[in-house]
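J.: Provided below are the primary sequence and the corresponding predicted coordinates.
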Amino acid sequence: MDDKTADLRDLFVETTGEEGVTERQTAARGSLSAADGDAAAERLRELVAEMTDRYAFVSDLPDPDLRRVVRAFFDPETRGAGSESWSAAADAAVASSLAADADAESVFRARMDLHLVADADRDAAPVPYAALREPVLEARSDAGVPDDGVDAAMAAALGDRAVDPDTVRRYRRVVEADLASRRVNHRYRDAFTDLLTDADLSTRLASDARRDGLEEATEDIETDVSL
């Protein structure tokens, strides 16, 4: 085996205490039986239905289209985008595949409702993401502040940058989707990830701090962990 494979194997043994690799672990990526596929589809239906019951969705897409949005988000074949490198072009590509009459903005709203925020959504802001998060947190601490009041607070954080109101609203939706996901410990995002991805060992053991929003949550915590 090459050096990378050997390193991964050593990491696997150290982490799990297992010397061998089972047949399940050696199965090819995406090798699901028909029963597994049916169970995954049913679980996806349950998760999306639970979210639509729990939250006031902005999106008006029907549940089958919402499930399609979730599947597409974790499918690297969607216009060459992954869940981190998502783009407006990917939203448009998904929109063209939906049963409903939808556009890229419709898919974006659905993604935010489903807590599917990509790094590209955060990185699009002309100021550090934290600078947009803080005014939303402060404004939302008062339940009586309407959406346009939050937008005004965000516009103030943007300073003299020429940002149109539609773009400010987009930033707000990104921030609020991240905050809603964090309030439930990223329960739905993680469930979708577990259900729809079958990453290799190195990816399973890695932590994407930006994606999960843990960077800000743990920035003041000192750790001394030796793997």
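T.: Sure, I can see it.

J.: so what's the closest residue to Thr52 other than its chain neighbours up against?
T.: Nearest non-adjacent residue to Thr52, counting by CB to CB, 6 or more residues apart in numbering: Asp63, 6.8 Å away. Using the backbone N, CA and C atoms, a C-beta is placed for each residue, glycine as well. By CB atoms under 8 Å, 6 or more residues apart in numbering, the residues touching Asp63 are Arg45, Val48, Ala49, Thr52.

J.: Is it possible to get CSV of those that adds neighbour count, distance to Val70 and secondary structure?
T.: Output for the contacts of Asp63, formatted as CSV (neighbours: other CB atoms under 10 Å; distance: CB to CB, whole Å; DSSP: H, G, I helix; E, B strand; the rest coil):
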residue, neighbour count, distance to Val70, secondary structure
Arg45, 14, 10, helix
Val48, 21, 7, helix
Ala49, 13, 12, helix
Thr52, 16, 12, helix
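
J.: need those residues in a markdown table with pLDDT and distance to Arg71, can you?
T.: Listed next are the contacts of Asp63 as a markdown table, based on pLDDT from 0 to 100; distance: CB to CB, whole Å:
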| residue | pLDDT | distance to Arg71 |
| --- | --- | --- |
| Arg45 | 97 | 12 |
| Val48 | 98 | 11 |
| Ala49 | 97 | 15 |
| Thr52 | 97 | 16 |
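
J.: Out of those residues, which comes closest to Ser59?
T.: Distance ranking of those against Ser59, using CB to CB, places Thr52 first at 9.2 Å.

J.: Could you measure from that closest one over to Leu158?
T.: Separation of Thr52 from Leu158 (CB to CB, to the nearest Å): 32 Å.

J.: Repeat that for Ala41.
T.: In this view, Ala41 and Leu158 are 42 Å apart by CB to CB.

J.: which one of those two has more residues nearby?
T.: Between Ala41 and Leu158, Leu158 has the larger neighbour count (other CB atoms under 10 Å), namely 18 against 13.

J.: Look up the pLDDT of the more buried one for me, please.
T.: Looking at Leu158, its pLDDT stands at 81.
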